[in-house]
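Asks: sequence-free structure coming up:
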């Protein structure tokens, strides 16, 4: 196991206040055979300087300085020079537990798996913390079982950074800038098509800092519709997969409801409101009679069917409380 190298790719952009915490958590891993690739994506603050200082102290660190090209291209730049047997990603404002990669590598090798996923903490700016994962246990998933979780956006399966990818399975796969804000889930969807065995470690090992102004966040705009586009493509791509198709519809309607609420509460992108409502209502029967859809989903689609204006009023009233 100690002969296996993990390439850890960390895109860096305007995170000087968070970067040392992130890098300390990676360089102090109990598993030492790491290649740590820092991609300074044209950061305007001192993040690039911090990268160089850490590289001078740890020979495992490589630094790429490039003009700002966005998260997807930063990750691709890292993958292009990675030499590891396994690939991992960390966002530069996040951090990981000290034994994260030791446990993930142990499982991916023991199970001869294509991918290992771990549970995570989500740290909100208001101090609240969510947990995604059961806290213990290991689950073995087939391609279709993982696909069902992925397309319905369950258990943190859509993210790129709480995972360890087998480089052989990954092949030449890269992130696409055309995927917009949904680059992670689309990347994982494409990866899953080549995977046969996935290990889910329910133990929480990754700390996700959900903050405003981060590289993957921003105020509500048309980019938010990229998740609707992604989940719509899953519905279309899995229409002949009897097992996964209902989960695709669940994922699409969940993302559509979320974006619809964003349109209503922010009063932005309102020209897309009617079209989004029409798409949700096209799955009315699936929502009303499908086992995956909860009572809240059914009530929402009934209200939308009766009066989209009433639905708007209810959403705005709830947000103002």
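Replies: In hand now; what should we look at? Values in this document were obtained by computation on a predicted structure and should not be read as measured data.

Asks: and the helix or strand harbouring residue 77, what other elements does it pack with?
Replies: Assigning secondary structure by DSSP states H and E places residue 77 in helix 71-81. Taking 3 or more Cβ pairs under 8 Å, 6 or more residues apart in numbering; DSSP states H and E as contact, the helices and strands that helix 71-81 lies on are strand 6-12, strand 34-41, strand 61-66. Just so you know, the C-beta spots here come from the backbone N, C-alpha and C atoms, and that holds for glycine as well.

Asks: after the longest strand belonging to the chain, next one along is what?
Replies: Counting by DSSP state E, the longest strand found in the chain is strand 197-210. As assigned by DSSP H and E, the chain's next helix or strand after strand 197-210 is helix 226-237.

Asks: hang on, the earlier thing: closest one to residue 107 among the helices and strands packed on helix 71-81?
Replies: strand 6-12 (12.9 Å; Cβ to Cβ).

Asks: partner strands of the closest one, with direction?
Replies: Sheet partners assigned to strand 6-12 using DSSP bridges are listed as strand 34-41 (parallel), strand 86-89 (parallel).

Asks: TSV for these, including mean neighbour count and mean pLDDT?
Replies: Shown next, in TSV, are the strands paired with strand 6-12 (neighbours: other Cβ atoms under 10 Å; pLDDT from 0 to 100):
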stretch	mean neighbour count	mean pLDDT
strand 34-41	24	98
strand 86-89	25	98
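
Asks: as a markdown table, the ones you listed with distance to residue 219 would be great.
Replies: Output for the strands paired with strand 6-12, formatted as a markdown table (distance: least, Cβ to Cβ, whole Å):
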| stretch | distance to residue 219 |
| --- | --- |
| strand 34-41 | 20 |
| strand 86-89 | 25 |
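
Asks: in the stretch 151-300 of the chain, which ranges drop under the pLDDT threshold?
Replies: Low-confidence segments of the stretch 151-300 of the chain (pLDDT under 70): 211-218.

Asks: may I see the buried residues of stretch 183-201?
Replies: 183-189, 191-192, 195, 197-201 (16 or more other Cβ atoms under 10 Å).

Asks: wait, which of the helices and strands packed on helix 71-81 is closest to residue 242?
Replies: Going by Cβ to Cβ, the one of these nearest residue 242 is strand 6-12, 36.4 Å.

Asks: following the closest one, which helix or strand comes up?
Replies: helix 19-27.

Asks: that next one to strand 197-210, inter-axis angle?
Replies: 160 degrees (axes from the mean of the first three to the mean of the last three Cα atoms, to 10 degrees).

Asks: quick check: angle from helix 19-27 to strand 61-66?
Replies: Using the same axes, to 10 degrees: helix 19-27 against strand 61-66 is 140 degrees.

Asks: give the rounded mean pLDDT of helix 19-27.
Replies: Confidence for helix 19-27, expressed as mean pLDDT, is 98.

Asks: report all helices and strands that it contacts.
Replies: On a contact count with 3+ Cβ pairs under 8 Å, 6+ apart, helix 19-27 meets strand 6-12, strand 34-41, helix 47-57, strand 95-96.
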